[in-house]
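Enquirer: could you work out the structure for the sequence below:
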Amino acid sequence: MASNRKVLIYQVFTRLYNNRNTTRKENGTIAENGCSKFADFSPTVLNRLVSMGITHVWYTGVIRHATQTIYSEYGIPRQHPAVVKGRAGSPYAITDYYDVDPDLAVSVNRRMAEFEELVARTHAAGLKVIIDFVPNHVARQYHSICKPSGVKDLGETDNPEHGFDSQNNFYYCPNQRFNPSFDLYKGEAEPYIEEPAKATGNDHFDNAPGQNDWYETVKLNYGVDYYAGRIGHFYPMPDTWQKMTDILLFWASKGIDGFRCDMAEMVPAEFWVHATKTVKQQYPDIVFIGEVYNPNEYRRYISAGFDWLYDKVGMYDTLRAIICGQQSTQAISWAWQSTDDIRDHMLYFLENHDEQRIASDFFAADARKGVPALAASVLMQQNPFMLYAGQEYGERGMDCEGFSGNDGRTTIFDYWSIDTIYRSFERQLTDDEKSLYHIYKKILQIARRESAVNSGIFFDLMYVNQHLHRQYVFLRRAGSDLLLIAANFDGDEANINVNIPAHAFDYMQLKERRGIASDMLSADKIKFELKADSSVNMTIPGYGARVWKMKA
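Expert: Modelled structure (predicted):
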């Protein structure tokens, strides 16, 4: 999947991103705290992302999900608040796969048209559109009111007397009522009743999920009999396969460029083989991004049709540990080497809605500490990189929004506005935040514009620089351009000698020469002598990086 177009994905939590309401009342309603709309993503807003070097926008939370906000007057079924997490609800508890979140519409009755207009505006700005596809589970009260004519709803033809049936859409606990193992009710007039109980989304197959389970969701059945030890029954094709593939085709027909597939590894790879092949036959340029955490499953899911997979337990966990002073930068080499055969399929990131903000007290407590990790993960390979809205300003995620609590993450359950993003639109960023943004922008633009990064070859220098434990150094080359990149994970300025072995000259076809190198992140220049088995001396600012550009 090598390309001369470096993919840079910008994840926005759609309901929060452009919300200008700063009330920020804990557990506040949509009327109190406000909510961003599709229409708020104007050409001006989108062009700001383009200027950063972004290529794809992942609009998180588009498909209609369970919420405590009532839209009954529009014919939208009310969800029982006992099985909705937070006032706004989780975007991963889908209530109608064929509808969009009414919170995001200026006119609720035009909500799908407003989304289609957003897709058109995004494309007009030169950006591609990614949305979530949530295949593993749905909201407990899933019911589609927008499904096309002739489409059977999930569960509509199920036999609930069977705990497992390959043609059922759900798993059941026959003759048992849904009975959570904790107090689910907080003053509701009527209890939530589900009988027989359905299995819960995080592979919890009895009728009594706990508070830490995904109790607001129901597991979808792709033909795997968990009751009998995960035996697959894929012939004849399970009914869920066809229904979910049709849903993918429905959204692809809206002009979507890609799907970020939630908890993809909890759905059998056999389904993905069928679904990705079917969708790509009609929409060959569409991409599938898989949330897969088990490295032993990476190659299986890539073979099943995924274009990119989260590199969480490898690169993300490694960079986080280095930022926090728990590992040496030598570990970065192991992280990329472990997936080198599939490197173009690995999606690097430092933040997303599931992970804690770099600047939070639970992670690094200082956004600057993420800069060297940004430089390393964006510039060392050709594979895609994703950043989370607000990361570029040092958003701390230290709000107590409501259901989410103060956990170092930006809430996905509550109505809120993100402080740094709000102030970025109001031109109220601090000098430190502006400085961080400009560093992010420079690094992303280098990745987009420099052929040495987006299509060049890579050479890791760490094996001949075993003395480095807080710096990471590597080379990139394309044509006559050579980049020597050094990231400093230490807070103090580092003066280092970087050894360049003869093997680098052979592999990258370099010639020994003298010249001037310019740092693309500053106005600094150095004289250098490029010679096999010799070293280049440099200083690197604390929590900073150097991108020395020179002639190869």
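Enquirer: was I right to think F133 contacts R260?
Expert: Yes. F133 is within contact range of R260, at 7.1 Å (criterion: CB atoms under 8 Å). Using the backbone N, CA and C atoms, a C-beta is placed for each residue, glycine as well.
Enquirer: more neighbours, these two?
Expert: A direct count of neighbours by other CB atoms under 10 Å for F133 and R260 places R260 higher, at 26 against 22.
Enquirer: so which strand or helix has the more buried one?
Expert: Counting by DSSP states H and E, the element that carries R260 is strand 258-261.
Enquirer: okay, now the sheet partners of that strand, with direction.
Expert: Strand 258-261 has these partner strands in its sheet, going by DSSP bridges: strand 128-133 (parallel), strand 287-290 (parallel).
Enquirer: most tightly surrounded among those?
Expert: Of these, the one with the most neighbours on average (mean count of other CB atoms under 10 Å) is strand 287-290, at a mean of 26.
Enquirer: now that one: mean pLDDT?
Expert: Taken as a whole, strand 287-290 carries a mean pLDDT of 98.
Enquirer: what's the first helix or strand after that strand?
Expert: helix 298-303.
Enquirer: other residues contacting the very next helix or strand once past that next one?
Expert: With elements assigned by DSSP H and E, the helix or strand that comes after helix 298-303 is strand 308-310. Defining contact as CB atoms under 8 Å, 6 or more residues apart in numbering, one finds that strand 308-310 is touched by 1, 7, 287-293, 298, 301-302, 316, 345-347, 349, 383-384.
Enquirer: for stretch 65-82, same thing?
Expert: Contacts of stretch 65-82 (CB under 8 Å, 6+ apart): 29-30, 64, 83-84, 86-95, 101-103, 108-109, 139-141, 143, 145, 184-186, 188, 190-192, 216.
Enquirer: swap in stretch 489-499?
Expert: 322-323, 329, 369, 372-373, 461, 464-465, 468, 470-473, 484, 486, 488, 533-543.
Enquirer: which one, of the strands paired with strand 258-261, ends up nearest to P209?
Expert: P209 lies closest, by CB to CB, to one member of those: strand 128-133, at 22.5 Å.
Enquirer: relative to the very next helix or strand once past that closest one, what are the paired strands and their orientations?
Expert: Sequence order places strand 137-139 as the next helix or strand after strand 128-133, per DSSP H and E. Using DSSP bridges, the strands paired with strand 137-139 are strand 217-219 (antiparallel).
Enquirer: check which element follows the strand it pairs with along the chain.
Expert: With secondary structure assigned by DSSP H and E, strand 217-219 is succeeded by strand 224-225.
Enquirer: partner strands of that following strand, parallel or antiparallel?
Expert: According to DSSP bridges, strand 224-225 has these partners: strand 231-232 (antiparallel).
Enquirer: returning to that earlier point: ok, which of the strands paired with strand 258-261 comes nearest G408?
Expert: Between these, strand 128-133 lies closest to G408; by CB to CB that is 22.1 Å.
Enquirer: ok, residues contacting the closest one?
Expert: Counting by CB under 8 Å, 6+ apart, 9, 55-63, 91-92, 118-119, 122-123, 247-248, 251, 255-262, 287, 289 sit against strand 128-133.
Enquirer: before we move on, back to that, out of the strands paired with strand 258-261, which comes closest to P501?
Expert: Once those are compared by CB to CB, strand 287-290 is nearest, at 36.1 Å.
Enquirer: roughly how far is the closest one from the heart of the chain?
Expert: Relative to its chain's centre, strand 287-290 lies at 11 Å (CA atoms, centre = their mean, to the nearest Å).
Enquirer: kindly report the same for stretch 422-437.
Expert: On CA atoms, centre = their mean, the centre of stretch 422-437 falls 23 Å from that of its chain.
Enquirer: next: stretch 27-38.
Expert: 23 Å.
Enquirer: after the strand holding R260 comes which helix or strand?
Expert: Next along the chain from strand 258-261, counting by DSSP H and E, comes helix 269-282.
Enquirer: how many degrees apart are that next one and strand 128-133 in direction?
Expert: 150 degrees (axes from the mean of the first three to the mean of the last three CA atoms, to 10 degrees).
Enquirer: name the residues of helix 269-282 that are buried.
Expert: Using 16 or more other CB atoms under 10 Å as the test for burial, helix 269-282 gives A269, E270, F271, W272, V273, H274, A275, T276, T278, V279, K280.
Enquirer: pretty sure P148 sits in a helix.
Expert: No. Read with DSSP: H, G, I helix; E, B strand; the rest coil, P148 is coil and lies in no helix.
Enquirer: now do the longest helix along the chain: which elements does it pack against?
Expert: For the chain, the helix with the greatest residue count under DSSP state H is helix 431-449. Applying 3 or more CB pairs under 8 Å, 6 or more residues apart in numbering; DSSP states H and E, one finds that helix 431-449 contacts strand 8-13, helix 43-52, helix 371-379, helix 419-425, helix 451-454, strand 544-551.
Enquirer: now with 10 Å, please.
Expert: Of the remaining helices and strands, those touching helix 431-449 by 3 or more CB pairs under 10 Å, 6 or more residues apart in numbering; DSSP states H and E are strand 8-13, helix 43-52, helix 371-379, strand 385-388, helix 419-425, helix 451-454, strand 544-551.
Enquirer: model confidence over the next helix or strand after the first one, on average?
Expert: The reference is to strand 8-13. Next in sequence after strand 8-13, counting helices and strands by DSSP H and E, comes helix 14-17. For helix 14-17, mean pLDDT rounds to 98.
Enquirer: check stretch 443-461 too.
Expert: 97.
Enquirer: need the CA coordinates for that stretch. PDB is fine.
Expert: Taking C-alpha atoms only, stretch 443-461 is exported to PDB below (Å, rounded to 0.1, in the frame of the first residue of the first chain):
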ATOM      1  CA  ILE A 443       5.900  18.000  11.000                       C
ATOM      2  CA  LEU A 444       2.700  17.000   9.200                       C
ATOM      3  CA  GLN A 445       3.500  19.200   6.200                       C
ATOM      4  CA  ILE A 446       7.000  17.700   6.000                       C
ATOM      5  CA  ALA A 447       5.300  14.300   5.800                       C
ATOM      6  CA  ARG A 448       3.000  15.400   3.100                       C
ATOM      7  CA  ARG A 449       5.400  17.400   0.900                       C
ATOM      8  CA  GLU A 450       8.800  15.600   1.300                       C
ATOM      9  CA  SER A 451       9.200  12.700  -1.100                       C
ATOM     10  CA  ALA A 452      11.800  11.300   1.200                       C
ATOM     11  CA  VAL A 453       9.100  10.800   3.800                       C
ATOM     12  CA  ASN A 454       6.000   9.900   1.800                       C
ATOM     13  CA  SER A 455       7.700   7.700  -0.800                       C
ATOM     14  CA  GLY A 456      11.300   7.400   0.200                       C
ATOM     15  CA  ILE A 457      13.300   4.600   1.900                       C
ATOM     16  CA  PHE A 458      14.000   4.400   5.600                       C
ATOM     17  CA  PHE A 459      17.100   3.400   7.500                       C
ATOM     18  CA  ASP A 460      17.100   3.000  11.300                       C
ATOM     19  CA  LEU A 461      20.400   4.200  12.800                       C
END
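Enquirer: now it: buried residues?
Expert: Result for stretch 443-461 [16+ other CB under 10 Å]: buried residues 443-444, 446-448, 450, 452-456, 458-461.
Enquirer: please state the offset of that stretch from the chain centre?
Expert: So, by CA atoms, centre = their mean, the centroid of stretch 443-461 is 22 Å from its chain's centroid.
Enquirer: which residue comes closest to Q330 once chain neighbours are left out?
Expert: M462 (5.6 Å; CB to CB, 6 or more residues apart in numbering).
Enquirer: got a pLDDT number for S404?
Expert: S404 is given a pLDDT of 87.
Enquirer: what does E188 give?
Expert: 83.
Enquirer: next, count neighbours for it.
Expert: E188: 11 neighbours (other CB under 10 Å).
Enquirer: let me know the distance separating it from I439.
Expert: 49 Å (CB to CB, to the nearest Å).
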